[in-house]
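Student: pasting the sequence and the predicted model now:
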Amino acid sequence: MARIIAGVASSHVPAIGAAIDNKQTEEPYWKRVFSGFERSKEWMANTKPDVCIVVYNDHASAFSVEIVPTFALGCAAAFPPADEGWGPRPVPVVKGHPELASHIAQSVILDEFDITVVNKMTVDHGLTVPMNLLFGSPDAWPCPVIPLAVNVVLYPPPTGHRCFMLGRAIRKAVEAYPDDLRVVIFGTGGMSHQISGPRAGLINSKFDKAFLDNLTKDPQKLARIPHLEYMREAGAEGIEMVMWLIMRGALDDKVDEVYRFYTVPASNTAVGHIILENRRRGAKAAGKRKAAPAKLRRAAARAKVERVRG
Amino acid sequence: MARQQRDYDDIPGTFVFDQERSRQGFGINMFCMSLMQDENRKAFKANEAEYLKKFNLTPEQTEAVLKRDYNRMLELGGNIYFTAKLGATDGHSFRHLAAVMTGSTQEDYADMMLAGGRSVEGNRSKSGGFEKSAGVGAAAKPATRKANRQKAKPKAKARAKQARSRRG
């Protein structure tokens, strides 16, 4: 049986990708950003997931304004890096996991999440930058990746609650997959930033830190944040943070925060990063929880009858 | 038809790329998308006004593109991820464009970002409300609680009534 063991969230600022590609990671401005991911790379090297699901958004690369899918699940065998106008990033081709991806599609659609299945797609910095931050710059990515592209460019994106519930449906799908696979799910984008209009440059560290805290403390509260509040408090493009809630929804109710990093700025953006682990590593899936013993069930039934009789 | 007022129009200095703007700005965004290809970038640079004719822009949109008025492009339906491709064609980064849109010099903008960015204080609302943030999700929570209380009461009353009638 496959299971989700951990969730990772990270910003996906394009300038971070450019800094890697142009070998500027040792410059003081960038070293401040990259040093925050050293421990994350160690964690990932030790965790060795079999598959990663990466929730990200496309930035007018694979999808223009011609077709705007709200949720697009990559079911292809490979996803080449997109040419974002400067030639494709010099990163390895992302290998997919078509079997698990199509299994997830089949499951979540029947759970009433009408996602779009994509069998041919390039992936842009939204996906490859977080991969670099967690895996470094290898010749080949160490595990297959299932991209899940979310529309956060054309308003309105899916609500935070919808994202959270999709995460839960993904967890259910993964846990129903017969092969033993250890899966890590990424939520990317954010944190507070605005790159458009006269208010560009907006950063709200207070909002970001509360958001990071509540990923473990009270994720349901985060799922209730309305779009207006994201845009007002965290910048027009800060609304990307709804994607973190898919990751969070796919994890168990109780998680342990194992690492966090936050710095301002990278280009126009607050960089936030967190690693959350499910507690019951090796335990059975939620759906297979042991039923209460017959004695207790009978006692509960008796109590109910008595309450009704008053 | 005039633009329908939306709750997010109250956020200062922000043009939300919504369905209405997307409809109006299709041509601008498709023009920007075309700049992903080198031969198109060259054709555009060779004769900008002529190249733009292919995309059915309004005169206002054409003028905004030719003048590189990035805020006006957003207002008329352009989206930043698309207009950034025009910026890239001119050799400019996202950060460069951001500085241009805020009306500050490149140096001042870079300094502001290094100092922690533009504060949200005083930048939340045109109407002047919302200046005291009560924290993440706070706007949603009191309303929900209140709604729950209001909902809970009639139910509780109904249950009590039911119980009484059963006893009787």
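Tutor: Thanks, I have the structure now.
Student: how is chain B partitioned into domains?
Tutor: Per automatic domain parsing, the structural domains of chain B span B:7-114, B:138-168.
Student: give the buried residues for stretch A:132-152.
Tutor: By neighbour count on 16 or more other C-beta atoms under 10 Å in any protein chain shown, the buried set for stretch A:132-152 is A:132-135, A:141, A:143-152. For the C-beta atoms, the positions are set from N, CA and C on the backbone; glycine is no exception.
Student: list the contacts for residue A:90?
Tutor: Shown in contact with residue A:90 (C-beta atoms under 8 Å, 6 or more residues apart in numbering or on different chains): residue A:21.
Student: what's the least confident stretch among the domains of chain B?
Tutor: When the domains of chain B are compared on mean pLDDT, domain B:138-168 scores lowest, with a mean of 48.
Student: show me where chain A dips below the pLDDT cut-off.
Tutor: Applying pLDDT under 70 to chain A flags residues A:281-310.
Student: in contact with the spatially most central residue of it, which residues?
Tutor: The structure's chain A has its C-alpha centroid closest to residue A:187; by C-alpha atoms, centre = their mean the separation is 1.7 Å. Contact analysis of residue A:187 by C-beta under 8 Å, 6+ apart lists A:7, A:8, A:9, A:55, A:243, A:244, A:245, A:246, A:247, A:248.
Student: so how far is the helix or strand encompassing residue B:95 from its chain's centroid?
Tutor: Element membership for residue B:95, per DSSP states H and E: helix B:94-102. Relative to the mean C-alpha coordinate of its chain, helix B:94-102 is positioned 15 Å out (C-alpha atoms, centre = their mean, to the nearest Å).
Student: which is the next helix or strand following it?
Tutor: helix B:106-114.
Student: quick check, the residue nearest to the centre of chain A in a strand?
Tutor: Yes. Judged by DSSP: H, G, I helix; E, B strand; the rest coil, residue A:187 forms part of a strand.
Student: beta partners of it?
Tutor: Residue A:187 has the following beta-bridge partners by DSSP bridges: residue A:9, residue A:55.
Student: quick check: closest non-adjacent residue to residue B:26.
Tutor: In space, and not counting its chain neighbours, residue B:26 is closest to residue A:65: 5.9 Å by C-beta to C-beta, 6 or more residues apart in numbering or on different chains.
Student: what distance do you get for residue B:23 to chain A?
Tutor: The spacing between residue B:23 and chain A, counted by C-beta to the nearest C-beta, to the nearest Å, is 10 Å.
Student: residues in contact with the helix or strand containing residue A:247: which ones?
Tutor: For residue A:247, the host element (DSSP H and E) is helix A:242-250. The contact list for helix A:242-250 (C-beta under 8 Å, 6+ apart) reads A:4, A:7-9, A:53, A:55-57, A:148, A:150, A:152, A:157-161, A:163-168, A:170-171, A:174, A:185-190, A:211, A:215, A:219, A:222-223, A:230, A:276.
Student: picking that back up, count the residues that sit near the residue nearest to residue B:26.
Tutor: As a burial measure, residue A:65 scores 22 neighbours (other C-beta atoms under 10 Å in any protein chain shown).
Student: and for residue B:53?
Tutor: The burial count for residue B:53: 10, using other C-beta under 10 Å.
Student: so it sits in a helix?
Tutor: Yes. Counting by three-state DSSP, residue B:53 falls inside a helix.
Student: how about the helices of chain A, start to end?
Tutor: Applying DSSP state H to chain A gives helices spanning A:14-21, A:28-34, A:38-47, A:98-110, A:125-135, A:160-175, A:205-217, A:219-223, A:227-234, A:242-250, A:294-309.
Student: of these, flag the one that's most buried.
Tutor: Ranked by mean neighbour count, the helices of chain A are led by helix A:242-250 with a mean of 28 (mean count of other C-beta atoms under 10 Å in any protein chain shown).
Student: please state the offset of it from the chain centre?
Tutor: Remark: helix A:242-250 is offset 5 Å from the chain centroid, using C-alpha atoms, centre = their mean.
Student: can you check stretch A:102-109 too?
Tutor: On the basis of C-alpha atoms, centre = their mean, stretch A:102-109 sits 17 Å off its chain's mean C-alpha point.
Student: same question, stretch A:251-263
Tutor: Between the centre of stretch A:251-263 and the centre of its chain there are 12 Å (C-alpha atoms, centre = their mean).
Student: and stretch A:152-166, by the same measure?
Tutor: From the chain centre to the centre of stretch A:152-166 is a distance of 13 Å (C-alpha atoms, centre = their mean).
Student: over to stretch A:112-126?
Tutor: The chain centroid and the centroid of stretch A:112-126 are separated by 14 Å under C-alpha atoms, centre = their mean.
Student: straight-line length of it, end to end?
Tutor: The straight-line separation of the ends of stretch A:112-126 (C-alpha to C-alpha, to the nearest Å) is 26 Å.
Student: next: stretch A:57-70.
Tutor: Length of stretch A:57-70, first residue to last, C-alpha to C-alpha: 10 Å.
Student: what's that stretch in contact with?
Tutor: A:14, A:72, A:82-84, A:115-116, A:118, A:121-126, A:149-154, A:157-158, A:188-189, A:240, A:243, B:22, B:25-26, B:29-30, B:32-33, B:79, B:81-82, B:85.
Student: also stretch A:126-140?
Tutor: The set of residues external to stretch A:126-140 that reach it, using C-beta under 8 Å, 6+ apart, is A:8, A:10-14, A:16-17, A:20, A:34, A:37, A:40-41, A:44, A:54, A:56-59, A:79, A:81, A:89, A:91-92, A:94-95, A:141-142, A:145, A:147, A:149, A:186, A:188-189, A:273.
Student: re the thing from before, phi, psi for the residue nearest to residue B:26 please.
Tutor: Dihedral pair for residue A:65: phi -90, psi 0, per degrees, to the nearest 10.
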